[in-house]
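[1] Here is my input, please return the structure:
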Amino acid sequence: MSDFLLEIGTEEIPHWMIPSALAQLAKLDLLGATATVDATPRRLVVRATGVPDRTPDQEQIVKGPPISAGERAIAGFATKQQIDVSVLERVGDYYQVRKQTPGRPAVEVLAERLPDAILGIQWPKTMYWVGGKTGPRFIRPIRWIVALLGTDVIRFNLEKIRTTSYRPLVPSSNVTRGHRQLGSSSIPVTIANYESELRKNFVILSSVERRKKIETESAALGAKPDPDLLETLTFITEYPTAIRGDFDPSFLALPPEVLSTVLKHHQKTFSIESAPGVLAPHFVAIMNTAADPDGWVKLGSERVIKARFNDARFFFDVDQHKKLSDRVEDLKKVTFHAKLGSYLEKTNRVVAIVKELNGGPDAERAALLCKADLTTEMVKEFTDLQGIVGGLYAKHQGENEAVSKAIYEYYKPLSMEDSIPSTLDGQIVALADKLDTLRECFRVGMAPTGSKDPFGLRRAAQGVVKILAEAKLPLHVDSLFPPDLKEFMLERVQYYFRDIRGFKYDEVNAVLKVRIPTLNVVEERLQLVAKLRGTPDFESIVLSDKRINNILRQAEFRPEDGLAVNVALLEAGPERELWKGFANDLMFRPFEDIPRLRPLIDNFFDKVMVMVDDPMLKRRRLSLLYQIRKKFLTIADFSEIVTAGEK
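    The predicted structure follows:
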C-alpha cells in the first residue's frame, strides 16, 4: 500500500468553479482508495492513502461456441484465445475457457487513467491554451503536474501536440511551484513534505485553514461577517492576510446598500460597522501576500474604493433628476428578450398578474415601477443593485413605504437560503415577476434542458414555491400555472419539501398525488402524515389502503360506476361494521380514527370476499371500498408510502 498525490497546477481558476471541480476529482478511481481533495486558485489537489501497489490478478471466463458447433468452430475459438483445444471446459451446452489476467503495477494503471481524468473535468466553459483546436481544453492553462505514488513519479503527458517542435505537453513530475510572487517556481517534493514545502513558499494548501485565517484576522480588525465573501476570498488567495483601510466619512451619506455593494462585490472587501446596521468609514481587505510593510496595498485599495464611491455618488445625484415613474416609458428601449419584447411589455404583464393575484393598489404601483431602475446610471454601473436601487429611489422620491419596500425586496428570494419578501405587497410583486418569466419562457419553448438553464427558470420556480409555502398565501396552485408548466413546477415543489424542508420522499409523493389547493395545505398534510407515521397503527392502515387501491384498480372501478352506499343492503357483520365505522363522523380525524378503524378494516378483509360472482354485490362492495379510500385521500394517497417490508 502506498500514498498518492496529484497536483494540477494552473493559471488562476475562477473561484466559483473550484468546488464543482473538487467534487468531480473526489470520485477519482484510485484502485479502491478514498480520495481527499483541496485547492487554491492555482492548484487542484487529490491525495489518498492505502492505494494498492498492484491491481489484483483476475480470472475471466470467456464463453465459447456451442458443443454442437463442430470441430472447426471450436478449433477457431481456441486459436483466437491462444490456447489448445484440450484446455476448453464444457459447461452445459457450451465450451468456455478460464483466462488468468495478472495484476499490473498501480503506477502503470494510474498513468493511463490520470490524463483522461484531468481533461475530463467538466467546466462551465473551457479554453485552448496551446496547439489550437488540436490541443487539450481546460478551464485555464495547465502549467505543471505533480503525480506521485509512494516515492515513484507516475509518468504521463496530457497529450502530444505539434507546436514549433513535436514535444510532450505538461509532463508529470515531482516538481511543484510556490506562491506566484513570494515562492519558488521549482520545488521538488515528496508526499511527506509536500504541504510543508508549499507553506515555506507561502502557499497554504488547506482551504479550511485559509478560510479560518481570513475569518480570524478580519474579525480582529472589526469586519462584519459575510459567509459568501469569505468563501470567495478563500478560493482567490493562496496566502491571505487581512489589512484595514479607511475612506472619507462624507461617503456615508450614500445609501449603505450602495457602499456595501461596492465594497463586497466590486472590491471584495469586508464592511465595518460602528453599530448594528450602521457603516463606519473603514473596510477590511484581504491581500494575497504575507505583509504590507510600506502600506502600498492599503493605499491602493483606498484609492480604488474612493474612485468607486465617487462614481456611485455621481450616479446617485444624476439619477435623481428623473423620477422612477417618468422612467417607466424608457423601458421600451430595454430588451427583456428578443422573443419576449421589451421590459415595458414585461412590466405591463407583471402588473396584469398582480391584478390576477388580487394585489392591492400598492402592489400594482410597485409592479409598475419595479423595473424602472434598469434605466438608471447606478444600476447600469452596479447591476447587483437591481431592485434595491429602485426601492431606495422610490422612498427618496416620495413613494409610500409599502411601495418602496415592495420594490426593494421583489427580487427575493435569490436562493433557497435567502428570505422571502417581508410584506404581502412585496410577495405578490415577486410572485408576479417570476411567474411572468416562467410562463413566457415556456410559452416560446425556452424550458430548461438537462443541466442548462440560461434564463434561471429553476431559480425563479424555486422562488415561487418558497414564497407560496412560507408566506402561506391562499393562492390555488392549479390556477397559477398553465398546463405546460405544471410538471416543471411539481418537480420544484417536490424538491422544496423533500430537500429543503426535510420531509421523506414517499410522504411528499403521497401528499402531492392528491389534488391540492395551496402549498400551505401541502405543508399541513405533510406534517400530519409525518406525525401519523410514528403511530403504531400507521403501517397497517397504509397496507390496507394499498390493498383497497389494488382491488379498485384491478377491477377497473370508476367512481361513476359505483353505487351510493345503502346501509340496509350491507350484509351484517364486518361489512356493515366497517361502513358504520367510517360513516360515524363527517370529518376524518386521523389520530382518533386510525386506531379505531384498523381492526374494522382487518376484519373486513379477513372475512369478506370483494370480487364475488354476483355483479351487484361486487359493485356494492367496490363502492364501499371507494368511499373508504376517499376518506384517506382527504390527507394523502397512502399507497405511495413505502413500508418497512418494502424497503
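
[2] residues in contact with the host helix or strand of K618?
    In the assignment (DSSP states H and E), K618 maps to helix 615-632. Residues from elsewhere that reach helix 615-632, judged by Cβ atoms under 8 Å, 6 or more residues apart in numbering: 541, 545, 548-549, 551-552, 555, 557, 559, 561-566, 569-570, 575, 578-579, 582, 588, 601, 608, 610-612, 638. Where C-beta positions appear, they are placed from N, C-alpha and C, glycine not excepted.

[3] Flag every buried residue along that helix.
    618, 620-629, 631-632 (16 or more other Cβ atoms under 10 Å).

[4] Those into TSV, with extra columns for distance to Q267 and pLDDT?
    Shown next, in TSV, are those (distance: Cβ to Cβ, whole Å; pLDDT from 0 to 100):
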residue	distance to Q267	pLDDT
K618	77	83
R620	78	82
R621	75	82
L622	72	85
S623	72	83
L624	72	82
L625	69	84
Y626	67	85
Q627	68	82
I628	66	81
R629	63	84
K631	62	81
F632	59	83
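
[5] Just give me the closest of those to V278.
    For these, the residue nearest V278 by Cβ to Cβ is F632; the value is 56.4 Å.

[6] Show me what the mean pLDDT comes to for the strand or helix carrying R598.
    Using DSSP H and E, R598 falls within helix 590-607. In this model, helix 590-607 has an average pLDDT of 78.

[7] when you compare where that helix runs with where helix 615-632 runs, what's the angle?
    Per axes from the mean of the first three to the mean of the last three Cα atoms, to 10 degrees, the angle that helix 590-607 makes with helix 615-632 is 160 degrees.

[8] got the contact list for helix 590-607?
    By Cβ under 8 Å, 6+ apart, the list of residues contacting helix 590-607 reads 528, 531-532, 535-538, 540-541, 544, 547, 573-575, 577-578, 581-582, 585, 628, 635.

[9] Where does pLDDT dip in the stretch 501-647 of the chain?
    Along the stretch 501-647 of the chain, segments meeting pLDDT under 70 span 561-563, 583-588, 590-592, 645-647.

[10] circling back to that earlier point, please compute how far the helix holding K618 lies from its chain's middle.
    From the chain centre to the centre of helix 615-632 is a distance of 44 Å (Cα atoms, centre = their mean, to the nearest Å).

[11] and it, C-alpha only, in PDB?
    The C-alpha coordinates for helix 615-632 follow below in PDB (Å, rounded to 0.1, in the frame of the first residue of the first chain):
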ATOM      1  CA  PRO A 615     -72.100  -8.300 -10.200                       C
ATOM      2  CA  MET A 616     -74.400  -6.100  -8.000                       C
ATOM      3  CA  LEU A 617     -72.900  -7.400  -4.800                       C
ATOM      4  CA  LYS A 618     -69.400  -6.800  -6.200                       C
ATOM      5  CA  ARG A 619     -70.200  -3.300  -7.300                       C
ATOM      6  CA  ARG A 620     -71.700  -2.500  -3.900                       C
ATOM      7  CA  ARG A 621     -68.500  -3.700  -2.100                       C
ATOM      8  CA  LEU A 622     -66.300  -1.900  -4.500                       C
ATOM      9  CA  SER A 623     -68.300   1.300  -3.900                       C
ATOM     10  CA  LEU A 624     -67.900   0.700  -0.200                       C
ATOM     11  CA  LEU A 625     -64.100   0.500  -0.600                       C
ATOM     12  CA  TYR A 626     -64.100   3.500  -2.800                       C
ATOM     13  CA  GLN A 627     -65.900   5.600  -0.200                       C
ATOM     14  CA  ILE A 628     -63.400   4.500   2.400                       C
ATOM     15  CA  ARG A 629     -60.500   5.300   0.200                       C
ATOM     16  CA  LYS A 630     -61.900   8.800  -0.400                       C
ATOM     17  CA  LYS A 631     -61.600   9.400   3.300                       C
ATOM     18  CA  PHE A 632     -57.900   8.600   3.300                       C
END
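
[12] ok, longest helix in this protein?
    Taking DSSP state H as the criterion, the chain has its longest helix at helix 296-319.

[13] buried stuff in the helix holding R598?
    For helix 590-607, the neighbour count (16+ other Cβ under 10 Å) marks 590, 593-594, 597-598, 600-605 as buried.

[14] Also stretch 94-113?
    Buried, per 16+ other Cβ under 10 Å, within stretch 94-113: 95-97, 106-107, 109-111, 113.

[15] Which of those fall within helices?
    Going by DSSP H, the helices hold 106-107, 109-111, 113 from the buried residues of stretch 94-113.

[16] Mind putting these into JSON lines with pLDDT and distance to R199?
    As requested, these are arranged in JSON lines below (pLDDT from 0 to 100; distance: Cβ to Cβ, whole Å):
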{"residue": "A106", "pLDDT": "89", "distance to R199": "29"}
{"residue": "V107", "pLDDT": "92", "distance to R199": "28"}
{"residue": "V109", "pLDDT": "90", "distance to R199": "32"}
{"residue": "L110", "pLDDT": "93", "distance to R199": "26"}
{"residue": "A111", "pLDDT": "93", "distance to R199": "29"}
{"residue": "R113", "pLDDT": "91", "distance to R199": "30"}
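
[17] Tell me the one of those nearest W16?
    Taking Cβ to Cβ as the measure, W16 lies nearest R113 of those, at 27.7 Å.

[18] Give me the nearest residue to the closest one, chain neighbours excluded.
    D29 (6.5 Å; Cβ to Cβ, 6 or more residues apart in numbering).

[19] cool, and D384?
    Spatial nearest neighbour of D384, chain neighbours left out: H265 (5.1 Å); criterion: Cβ to Cβ, 6+ apart.
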